[in-house]
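*Asks:* have a look at this prediction, sequence included:
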Amino acid sequence: MDDLAGFLRTRRSRVDPAAVDIPADTRRRVEGLRREEVAHLSGVSVDYYVRLEQGRATQPSEQILDALARVLGLDETEHEHLYRLARQRRRRAKTPGGRIRPELLRVLDLVADAPALIMDHRMDVLAGNRLAELLYGRPMPGLNTAQHIFLDETERGLYTNWEQCTRDVVGHLRPGELRTTGRIRHGAAGVVRRPR
């Protein structure tokens, strides 16, 4: 069973409908709130919430997680746990071509005082710790650091020596792409060939 899905189901069953202004109904077949009620009160579609509880929706946003925490009456510890479960699901969902070894994810979680990333040969971020997300200002899975370095001019200040960093990226991308695919992937090609 998916941990996030199970957590949502158990917390939903604990909520008293009267506590969220839902009139008492003697015909209720479920304990706590219905899925439709949680979805409505959280501002998400019923279909999306059902997919969350079934483990089929992979990347709930921070806004959705905060809304769910509010509706489900989560305390601070439970709210943080909800975020951890959602991050674990993101990591699992964003591992194209393979899974990240669990011991690497444990090491990543232990790095608490510095930003840390796990990337593939194309510089696609597969996972990152909380400080990396704060540094980059976005969730890590799905970020391509090469595209970020070359195409996001507002982020140049993030790099001490931007020009050396760009040379390092080009030097890394070309052999990495050619070694694994025999050609440069479309996204990486745009970064490598695009003149500034």
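*Replies:* Perfect, thanks for sending it.
*Asks:* let me see the ranges of the strands in the chain.
*Replies:* 117-119, 125-128 (DSSP state E).
*Asks:* and those: which comes nearest residue 43?
*Replies:* Taking C-beta to C-beta, strand 125-128 is the member of these nearest to residue 43, at 27.3 Å. No exception for glycine: its C-beta is placed from N, CA and C like everyone else's.
*Asks:* restricting to C-alpha, output the closest one in PDB.
*Replies:* C-alpha atoms of strand 125-128 as PDB (Å, rounded to 0.1, in the frame of the first residue of the first chain):
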ATOM      1  CA  VAL A 125      17.600  15.800 -11.000                       C
ATOM      2  CA  LEU A 126      16.100  12.600  -9.700                       C
ATOM      3  CA  ALA A 127      15.900  13.600  -6.000                       C
ATOM      4  CA  GLY A 128      17.000  16.500  -3.800                       C
END
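*Asks:* and the nearest residue to residue 128 once chain neighbours are set aside, how far is that from residue 84?
*Replies:* Spatially, and ignoring its direct neighbours in sequence, residue 128 is nearest to residue 140 (3.0 Å; C-beta to C-beta, 6 or more residues apart in numbering). Separation of residue 140 from residue 84 (C-beta to C-beta, to the nearest Å): 14 Å.
*Asks:* what's the answer for residue 108, then?
*Replies:* In terms of C-beta to C-beta, residue 108 sits 13 Å off from residue 84.
*Asks:* more crowded one of residue 140 and residue 84?
*Replies:* Neighbour totals were compared for residue 140 and residue 84, and residue 140 leads with 26 against 14 (other C-beta atoms under 10 Å).
*Asks:* and the more buried one, what does it touch?
*Replies:* By C-beta atoms under 8 Å, 6 or more residues apart in numbering, the contact list for residue 140 reads 90, 117, 125, 127, 128, 132, 133.
*Asks:* so the fifth one makes contact with residue 119?
*Replies:* No. Checked against C-beta atoms under 8 Å, the pair residue 128 and residue 119 is beyond contact range at 9.0 Å.
*Asks:* who has more neighbours, these two?
*Replies:* residue 128 (26 against 17).
*Asks:* so what's that one scoring on pLDDT?
*Replies:* Among the per-residue scores, residue 128 shows a pLDDT of 85.
*Asks:* same question, the one 3 residues further on
*Replies:* Listed pLDDT for residue 131 reads 88.
*Asks:* now it. Nearest residue, chain neighbours left out?
*Replies:* Closest to residue 131 by C-beta to C-beta, 6+ apart is residue 115, at 4.4 Å.
*Asks:* ok, now which ones touch that neighbour?
*Replies:* 128, 129, 131, 132, 134, 135, 136.
*Asks:* so which of those are in helices?
*Replies:* Mapping the contacts of residue 115 onto helices (DSSP state H) picks out 131, 132, 134, 135, 136.
*Asks:* and the gap between residue 169 and residue 64?
*Replies:* As defined by C-beta to C-beta, residue 169 lies at a distance of 33 Å from residue 64.
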